[in-house]
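Undergrad: Next come a sequence and a model predicted from it.
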Amino acid sequence: MSALSADPPLPATALRPMREADLAAVHAVEIRAYEFPWTLGIFRDCLHADYPAWVLDVDGRVGGYFLMSIAAGEAHVLNVCVAPELQGAGHGRALLRALLRLARARRAERVFLEVRPSNPGAIALYETEGFNEIGRRPRYYPARNGREDAVVMALELLPEG
């Protein structure tokens, strides 16, 4: 068989729904990525509540993930995370775009999220994908010296077409 007729190799990365078997690996990424990580129980509760949750599979290992809730035409981004060693390669944007496609498919009309003001990279990503700041939540996040506000951002979803 010639090289031209051979099946191309499978891509190194893929997005797929999160499974219970992924939770330990998801939590391990969370711990490496955040100073104040979610607990394993929070991830488990989100899965059991049937929240849309997907993982970025990189060579058979969890390299990132997202979770959101959807109700009454609104989606709320709960968590988007890429393993620190994989950041800067476009994986966060790929996860966010997949989240937005899924929200649109589930008929959400707008998407909300909170982000730390001390995370300019995430804020820039959200802005380039069309999110706008709509407010602040005082003392929302735990921080080393007390609490940190959250920047609240929103995006109106237009139907794909």
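TA: Structure's in. What do you need? Numbering: from 1, shown residues only.

Undergrad: mind listing what's buried in the longest helix anywhere in the chain?
TA: The longest helix of the chain (DSSP state H) is helix 91-105. For helix 91-105, a neighbour-count test (16 or more other Cβ atoms under 10 Å) marks 91, 92, 95, 96, 98, 99, 100, 102, 103, 104 as buried. Quick note: C-beta positions are derived from backbone N, CA and C, even for glycine.

Undergrad: Does the fifth one touch residue 15 like I think?
TA: Yes. Residue 98 is within contact range of residue 15, at 5.2 Å (criterion: Cβ atoms under 8 Å).

Undergrad: neighbouring contacts of the helix or strand encompassing residue 67?
TA: In the assignment (DSSP states H and E), residue 67 maps to strand 61-71. Defining contact as Cβ atoms under 8 Å, 6 or more residues apart in numbering, one finds that strand 61-71 is touched by 13, 18, 22, 25-26, 28-29, 43, 46, 49, 51-58, 75-83, 86, 91-92, 95-96, 98-99, 102-103, 106, 108, 111.

Undergrad: returning to what we had before: next secondary structure element downstream of the longest helix of the chain?
TA: strand 110-115.

Undergrad: Packing partners of the longest helix of the chain?
TA: strand 13-17, strand 53-58, strand 61-71, strand 74-82, strand 110-115, helix 120-128 (3 or more Cβ pairs under 8 Å, 6 or more residues apart in numbering; DSSP states H and E).

Undergrad: between these, which gets nearest to residue 138?
TA: Proximity to residue 138 (Cβ to Cβ) singles out strand 110-115 among the helices and strands packed on helix 91-105, at 11.7 Å.

Undergrad: returning to that earlier point: going by distance to residue 128, which of the buried residues of helix 91-105 wins?
TA: residue 96 (9.7 Å).

Undergrad: Give me the mean pLDDT for stretch 142-151.
TA: Stretch 142-151 carries an average pLDDT of 94.

Undergrad: Give me the contact list for the longest helix of the chain.
TA: 13, 15, 52, 54, 56, 58, 63-66, 68, 70, 75, 77, 80, 82, 111, 122, 125-126, 129, 155, 157, 159-160.

Undergrad: what do you get if the cut-off is 7 Å, keeping everything else the same?
TA: Helix 91-105 has contacts (Cβ atoms under 7 Å, 6 or more residues apart in numbering) with 15, 52, 54, 56, 63-64, 66, 68, 70, 75, 77, 80, 82, 111, 125, 129, 157, 160.

Undergrad: measure residue 17 to residue 51 for me?
TA: Applying Cβ to Cβ, to the nearest Å, the value for residue 17 to residue 51 is 11 Å.
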